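Engineer: got a predicted model here, sequence first, then my questions.
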Amino acid sequence: MTIRRIASVTVLWISASCGSAQAAAPSRQLQQALAEFAAGRYTLAAPIFTRLAALGDSIAETALGEMYDSGLGVPQNTNRAYALLTQAAAQNNAQAEDDLGNDARDNGNGPQAVKWFTAAADQGVADAQWQLGNMEVFGAEGIKTNQRQGVIWLRSAAAQQNSNAENDLGLAYRYGWGVTPDYDQAMALFHQAAAAGNPHADSNIGSMYQFGEGVPIDYQQAIYWFKQSDKPDCACGDNNLGYMYSNGIGVPQDDAQAFKWYMKSAEKGDDGGAEAVGKMYFYGQGVPQDYANAVRWLQPAALAGYARAQRLMGDAYYFGEGEAKNPGLAAVYWAQSASHGDVEAIVSLGYLYETGNGVPQNYQKDFELALIAKSLIHGPDIIMVGTPDEDSRLSDAHISADLPHLTQAQVEAARARAAAWLQRYHAAYDPELNSINAPTPPSIWRWYDALPVILLLYGVAKFLQRRRQG
């Protein structure tokens, strides 16, 4: 269980007065416990909250639940925390409901999160209103988005000066999610959130100056705001600064500076920053080439779904750079990257099918992949291609090499599958974000294509089992 924050004394008391049976007035004991809690003297607050929680006081149950969740003044015990918060929520304690909503969302249970957030939001808890708005506008696991409804919740939270809601509402106006696009309104909301110390809003202001959205392009202002956003819980500005230094936008091109800012992002746990750091280690850009460090940073980014990281992990396994050579695992990573539309990965995967290296030899599949690559190279919805002319030439070569091995029926079947995949890809492509706007990209692979890898992993597992037994 993970509660995102320790509630303030004020929030705990307001949550009770909104719906709890203890709305009349806090007892002297409860006032004392809340004062100790606010002062950070948790070991003194814990026994008082424990006595009051045993009597069914929902404020005490909520505070004690949060303390057990974080191990403040009591041994950490997430099961005990969950039980206490559930007891408090049963008495309509809005803070406990909000905590349970955060826990459900952190664990990927969207419907349960919506249930608890709605209960708390209806009692006026700004965090719950923001969370609901965020889920409705941006999407969350297990729920259908409703951007118009999400904007309503964001407005309610923003009216209570919730800076996260102000920032998200600014994004809604910037991109037209549930509202008519309005750059002026977006900028005003970002400034409100930034004034409250929200670093994500700082980064968004910088981004609008970078691209001239509602304001003239001003790279110096962009850099200023990106640097303002350099806080422990915000990596967006770091990534943007890395991009500007990498491409010489508003500053002299400087790979070393780019690496510095990308590394800041990666060290904050941002997968986009990790992908950039891994790529720079892989190619020796701004830092000495180091395949082992490249793989270290690329792997988490690849698992998070970043296409370039997946392609480079495939390269690492195929060429034995930072990892032992393993064409089967190269195929797995290239297939993942290819599903996002990375043309270099599509061409590389096709080569494995043509040669039967790491996957069963399949000229028809190679032909299909070459058709997809050619279409993406010359189409509008291309996400990433490093060497389009070379990839186009290679695709033509694959098509020419495959045709003598295929019947006309096989050629037509491959063409039909390629066209179907491209249709799904273009439907999922978001030109505004230059990415696949779908929880899962259209798969370019089939489960039985992974059979060599499955067998490899099974063999490793059996080897380890025998080693333990011996």
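Structural biologist: On my side now, so go ahead. Numbering: from 1, shown residues only.

Engineer: remind me, longest helix of the chain?
Structural biologist: helix 408-428 (DSSP state H).

Engineer: domain ranges for the chain?
Structural biologist: Listed domain ranges for the chain are 1-109, 125-234, 253-304, 305-469 (source: automatic domain parsing).

Engineer: and the first one, what's its mean pLDDT?
Structural biologist: Going back to what we said before, that points to domain 1-109. Averaging pLDDT along domain 1-109 yields 83.

Engineer: who's in contact with the closest residue to residue 259 other than its chain neighbours?
Structural biologist: Once flanking residues are discounted, residue 259 sits nearest to residue 286: 3.8 Å by C-beta to C-beta, 6 or more residues apart in numbering. (C-beta placed from N, C-alpha, C; glycine too.) Going by C-beta atoms under 8 Å, 6 or more residues apart in numbering, residue 286 touches 254-259, 280.

Engineer: among those residues, which lie within helices?
Structural biologist: Among the contacts of residue 286, the members falling in helices (DSSP H) are 255-259, 280.

Engineer: how about those residues in CSV, adding pLDDT and distance to residue 237?
Structural biologist: CSV is the format used below for the ones in helices among the contacts of residue 286 (pLDDT from 0 to 100; distance: C-beta to C-beta, whole Å):
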residue, pLDDT, distance to residue 237
255, 97, 19
256, 97, 18
257, 97, 14
258, 97, 14
259, 98, 16
280, 98, 18
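
Engineer: biggest separation within the residues you listed, which pair?
Structural biologist: 257 and 280 (11.5 Å; C-beta to C-beta).

Engineer: of these two, which one has the most company?
Structural biologist: When neighbours are counted by other C-beta atoms under 10 Å, residue 257 and residue 280 differ, and residue 280 comes out ahead with 25 against 17.

Engineer: show me the contacts for that one.
Structural biologist: 255, 258-259, 262, 286-287.

Engineer: tabulate these (JSON lines), appending distance to residue 176.
Structural biologist: Output for the contacts of residue 280, formatted as JSON lines (distance: C-beta to C-beta, whole Å):
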{"residue": "255", "distance to residue 176": "36"}
{"residue": "258", "distance to residue 176": "31"}
{"residue": "259", "distance to residue 176": "35"}
{"residue": "262", "distance to residue 176": "30"}
{"residue": "286", "distance to residue 176": "37"}
{"residue": "287", "distance to residue 176": "39"}
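
Engineer: can you tell me the closest non-neighbouring residue to residue 264?
Structural biologist: Distance criterion C-beta to C-beta, 6+ apart; nearest residue to residue 264, sequence neighbours excluded, is residue 238 at 4.4 Å.

Engineer: could you dump the contacts of residue 286 into TSV with distance to residue 54 added?
Structural biologist: Output for the contacts of residue 286, formatted as TSV (distance: C-beta to C-beta, whole Å):
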residue	distance to residue 54
254	62
255	62
256	60
257	58
258	58
259	56
280	57
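
Engineer: among those residues, the buried ones, what's the ChimeraX command?
Structural biologist: Typed into ChimeraX, the line below selects the buried ones among those, using 16 or more other C-beta atoms under 10 Å:
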select :255,257,258,259,280
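
Engineer: and which of the contacts of residue 286 is nearest residue 366?
Structural biologist: Nearest member of these to residue 366, counting by C-beta to C-beta, is residue 280, at 31.6 Å.

Engineer: quick one: the closest one from residue 330, how far?
Structural biologist: The gap separating residue 280 from residue 330 is 21 Å, by C-beta to C-beta, to the nearest Å.

Engineer: what do you get for residue 233?
Structural biologist: For residue 233 relative to residue 330 (C-beta to C-beta), the value is 36 Å.

Engineer: neighbour count winner among those two?
Structural biologist: Higher neighbour count among residue 233 and residue 330: residue 330, with 28 against 9, using other C-beta under 10 Å.

Engineer: which secondary structure element contains that one?
Structural biologist: helix 327-339 (DSSP states H and E).

Engineer: helices and strands around that helix, which ones?
Structural biologist: Using 3 or more C-beta pairs under 8 Å, 6 or more residues apart in numbering; DSSP states H and E, the elements in contact with helix 327-339 are helix 307-319, helix 343-355, helix 451-469.

Engineer: pull the distance from it to the chain's centre.
Structural biologist: 21 Å (C-alpha atoms, centre = their mean, to the nearest Å).

Engineer: now the angle from the longest helix of the chain to helix 327-339?
Structural biologist: 60 degrees (axes from the mean of the first three to the mean of the last three C-alpha atoms, to 10 degrees).

Engineer: okay, now the unreliable bits of the stretch 301-450 of the chain?
Structural biologist: Within the stretch 301-450 of the chain, the ranges that satisfy pLDDT under 70 run 379-388, 430-450.

Engineer: surely residue 262 touches residue 242?
Structural biologist: Yes. The pair residue 262 / residue 242 is scored as a contact, 3.9 Å apart, by C-beta atoms under 8 Å.

Engineer: overlap in contacts of the two?
Structural biologist: By C-beta under 8 Å, 6+ apart, the residues touching both residue 262 and residue 242 are 273, 276.

Engineer: now stretch 129-146: average pLDDT?
Structural biologist: 92.
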